[in-house]
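Participant: Please find the sequence and the predicted model below.
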Amino acid sequence: MIIRIESHPAWQGIQAQWLNLWRMPAYSLPTLIFPVAFYVFFGLLMLRGQALWLLCTFATFGVMGAALFSFGVGVAMERAQGWWRLLKATPVPFASILVGKLFGAMLFGLIIVVMMAVLAAWFGEVRLPRSQWLGLAAMLVAGTVPFALFGLALGLLLSPNAAPAVVNIIYLPLGFLSGLWVPVTMFPDWLETLAAWLPPYHLAALALKLTGQIPGSMTLHWLVLLVYTVVFAAAAWLGWRRFTGS
Amino acid sequence: MKPIWSIPLLVLGLVAVLFLLPVPASESAPEGANNGSETGSRFAITDVQLFDGESVTESATVLVIDGKIAEVGTELEIAEDIDIIDGAGKTLLPGLIDAHVHSFGEARADALRFGVTAVIEMFGVPQELPDARQQRGSLDPIARADLFSAGILATAAGGHGTQYGFEIPTLAGPEDAEDWVAGRLAEGSDFIKIVIDSGQVYGFQRPTLDADTVRAVVEAAHRAGVMAVAHVAHHADAEMAIAAGIDGLVHVFIDRPAQPELIERLVEAEVFVIPTAIVMAAMLGHFDGSERIEQLDRLSTDQRRTLGQPGWGSHLGLSLWHHARDNISAMHQAGVPILAGSDAPNPGTAHGVSLHDELVLLVEAGLEPLEALKAATSRPAKHFGLEGRGCIRPGCRADLLLVKGDPLTDIADTLAIETVWKNGHPVALSAPPAPGTETGRDEANLLASGERSRWMASADDFMGGRSQAELGSAEQGLEVKASLVAGFFNPYAGAMWMAADLSMEPLDYRGRSVLEVRVSGGEGPLQLMLFSGPSQGDMPVMIDLDPTDNGWHAQVELDRTAGLDLENLRAIGVFAVGAPRATTFQIESIELR
């Protein structure tokens, strides 16, 4: 049996999410512009000469935001609107909805990374070997997965009204405490120790190590992100069970 | 547009942007220079301002195939399999020719890294001439400039040229000329150089060849079918050389302003002049080569050393420099062909770099930038018969220099080097790793009086931080006032001991086994940083000092310290690190034994 790609449920999910993002600029534009504007302000204008370091950390901040908001806030809002209740009654596979959302988050992540990279190259005079430009983008886009699962767990576990507020409350401090705005090297020791427990710290560390900003092995960071991915996936699974009432 | 198209297109577009992001200069100019790879042997430079050795073309395209220029034009079609190098905003020049050097050691590699793809030697050891001749005929990748040479120069016994510590055959009179010239040609000399210089202008007297001998040498050279050029210092030397039928003068005379009659005779006799303004300026105190050391970070050890040597003639007064400059100006205006030469590696000059400074001085002396560029390309190629060099035309060698900006407006832009190609292959521009063979001094006590001048204050302020350090002397040892201010990276401030005379250059300290440091006072943490390794950018080894009753102490077993390269030890630092604070400590003793 041949299934045309247009009729595959996952593609339908992607397409639906595409339209969703396209038709909700009130959500899409801030998600894209906010971290990039931050990077321009802090990374290029205020702190000269650290464009590459801050590209790594602010791009992490950006992809994390795209994933958390797409899943955390997006799922909660759609639940609040009764849309997921309705979907539950249709034969639409939920997996396709999730694939669509994950695609949306990754696409936004990619757009953010590319925009920042262009700005970094143009105004921050950042020069990287091609393999590192591509590797940085690929690594950060892949890094949306744990945050997407985190967002999904929040969107499912929290009440629809609480979720957007909680995601907003988590997002900024999580970014700050992970050293995405100010490098952890400038933190007091106890805060630096705390940062090492947070997932964005490890995604940023991967980016910094890939581009040679800090020396050392990447293995630990991959492992930590993997553990977080499993934990968030389990939490999302719990939330899913509660939502479906099974 | 339907999502099925627009989504993949958007993703592809984003990935395409990633491919277009700029890469480091070293990657866009792959180091194909000495690994024999074929990378770069077929490429085109497009949309570039082209100086072809004679004139300028805007938005030109130059196609290089197999080490030679294949095509040049403004509307060339470039086949798809040819690598394209975007030349927008840049200027492409023929590889420069330095028409007056003395080539020892790594001179030709140093020259090439600064865009000088051929050098004309005015005196050097003849042993390497046969090899040099063979090499310059080849299009194989090579990391050295081509060499053309006079070999041994013609001088009187005890005259200029005999003071360099090796025996050279001298001439006693005209009767020696024939055999002497034959000897040079047998050794592989490309032309003959004659010294006419009594030393008077420098305040001493030394033997020099008389007019008859000079004429005899020039005539012998001409009979053998080669050129004869002359080192002159005085107006009278130039007169003698012209009367002898010389082809070129390889210095400007500096003792007095040129008489109009002399200039007329230069023009009539079609004599070219290589004024070597830069070596005059360096000798006479008009130019300080050590400034270049600070400005350029890719100089080799040799280049730093020779640039840093002070000019020995500054006591002679700037008026001699003014004669030099005015004489260049007058000769150029009268139509005497001026060729650019640096006389590197004389004090205050360096191979490669100094030719760029020569061009600046020539422009200061009144040459249009276009004329100065000709003086370093087509003109020496023409007068010395260097075929396929100093030109960018089909058939010329792909010895090329790509610079940012427009040297035709600002001649200093020749030093804004983007890429150098030799025989169609890009040249690695970075300084070669300094050989760590020079061994360190025997002194173990790094605070001994001979070592004290090697200590300097060092803090993160040099990399953009705000911490500061100050050194003073303590009753015992060295007092360090460190003021740590939170900045971007971990702040640090303290004192650094430099292994070599030049900051951060390596010396071989193998054979030492222990580094012991005692510090009194101060609020910790304090850290020892050992800088070593083949590159200045290598990470230092960091070792925390342990607190003691009244200060700090560390004893480092050097051969058990991972990451330390004692063969290339560059510096040892004692720093306050960590939390922002102001602290003062005394380095009581520090021994490397």
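Facilitator: On my side now, so go ahead.

Participant: Can you list the low-confidence ranges for chain B?
Facilitator: Applying pLDDT under 70 to chain B flags the ranges B:1-3, B:25-40, B:165, B:433-438, B:462-465, B:486-490, B:537.

Participant: separation between B:His286 and B:Val232?
Facilitator: According to Cβ to Cβ, to the nearest Å, B:His286 and B:Val232 sit 20 Å apart. For glycine as for every other residue, the C-beta is placed from the backbone atoms N, C-alpha and C.

Participant: B:Arg512 now?
Facilitator: B:Arg512 is 52 Å from B:Val232, by Cβ to Cβ.

Participant: who has more neighbours, B:His286 and B:Val232?
Facilitator: Neighbours were counted for B:His286 and for B:Val232 using other Cβ atoms under 10 Å in any protein chain shown; B:Val232 has more, 26 against 21.

Participant: Against chain A, how distant is that one?
Facilitator: Counting by Cβ to the nearest Cβ, to the nearest Å, the gap from B:Val232 to chain A is 48 Å.

Participant: Same question for B:Ala224.
Facilitator: Distance, B:Ala224 to chain A, using Cβ to the nearest Cβ: 54 Å.

Participant: What about that residue, how many residues nearby?
Facilitator: Using other Cβ under 10 Å, B:Ala224 has 15 other residues around it.

Participant: and it, what is it in contact with?
Facilitator: With contact taken as Cβ atoms under 8 Å, 6 or more residues apart in numbering or on different chains, B:Ala224 is in contact with B:Val181, B:Ala182, B:Leu185.

Participant: near chain A, which residues of the stretch 151-300 of chain B?
Facilitator: On the criterion Cβ under 8 Å from any Cβ of the partner chain, chain A has no neighbours in the stretch 151-300 of chain B.

Participant: And the strands in the stretch 151-300 of chain B, which stretches?
Facilitator: Using DSSP state E, counting those that start in this stretch, the strands assigned to the stretch 151-300 of chain B run over residues B:192-196, B:228-232, B:248-249, B:272-273.

Participant: As JSON lines, these with distance to B:Leu339 would be great.
Facilitator: Shown next, in JSON lines, are these (distance: least, Cβ to Cβ, whole Å):
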{"stretch": "strand B:192-196", "distance to B:Leu339": "14"}
{"stretch": "strand B:228-232", "distance to B:Leu339": "10"}
{"stretch": "strand B:248-249", "distance to B:Leu339": "7"}
{"stretch": "strand B:272-273", "distance to B:Leu339": "6"}
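
Participant: Out of those, which is closest to B:Ser59?
Facilitator: Shortest distance between B:Ser59 and the strands of the stretch 151-300 of chain B, using Cβ to Cβ, is found for strand B:272-273: 33.1 Å.

Participant: for that closest one, the distance to its chain's centre please.
Facilitator: 24 Å (Cα atoms, centre = their mean, to the nearest Å).

Participant: how many other residues sit next to residue 142?
Facilitator: No chain specified, so I'll use chain A. By other Cβ under 10 Å, 15 other residues sit near A:Ala142.

Participant: ah, I was thinking of chain B
Facilitator: Neighbour count for B:Ile142, taken as other Cβ under 10 Å: 20.

Participant: Next: B:His160.
Facilitator: Neighbours of B:His160 (other Cβ under 10 Å): 21.

Participant: you'd agree it is up against B:His231?
Facilitator: Yes: between B:His160 and B:His231 there is a contact at 7.0 Å, judged by Cβ atoms under 8 Å.

Participant: between these two, what contacts are shared?
Facilitator: Counting by Cβ under 8 Å, 6+ apart, the residues touching both B:His160 and B:His231 are B:Val195, B:Asp197.

Participant: my read: A:Leu134 touches B:Leu18, true?
Facilitator: Yes: the criterion here is Cβ under 8 Å, and A:Leu134 meets it with B:Leu18 at 5.6 Å.

Participant: who's more crowded, these two?
Facilitator: Counted by other Cβ under 10 Å, A:Leu134 and B:Leu18 do not tie: B:Leu18 has more neighbours, with 19 against 15.

Participant: Quick one: list the elements packing against the helix or strand where the more buried one lies.
Facilitator: Secondary structure assignment for B:Leu18, by DSSP states H and E: helix B:3-20. If you count contacts as 3 or more Cβ pairs under 8 Å, 6 or more residues apart in numbering or on different chains; DSSP states H and E, helix B:3-20 packs onto helix A:9-23, helix A:94-123, helix A:130-142.

Participant: what pLDDT, on average, does the next helix or strand after the last one get?
Facilitator: Right, the one you point to is helix A:130-142. Following helix A:130-142 in sequence order, the next helix or strand is helix A:144-157 (DSSP H and E). On average, the pLDDT along helix A:144-157 is 91.

Participant: what's in contact with helix A:144-157?
Facilitator: Contacts for helix A:144-157 (Cβ under 8 Å, 6+ apart): A:63-64, A:66-76, A:79, A:98, A:101-102, A:105-106, A:109, A:163, A:166-167, A:170, A:199-200, A:203, A:225, A:228-229, A:232-233, A:235-236, A:238-240, A:242-243.

Participant: what's the spacing between it and its chain's center?
Facilitator: 9 Å.

Participant: and the angle from that helix to helix A:94-123?
Facilitator: 130 degrees (axes from the mean of the first three to the mean of the last three Cα atoms, to 10 degrees).

Participant: Sounds good, over and out.
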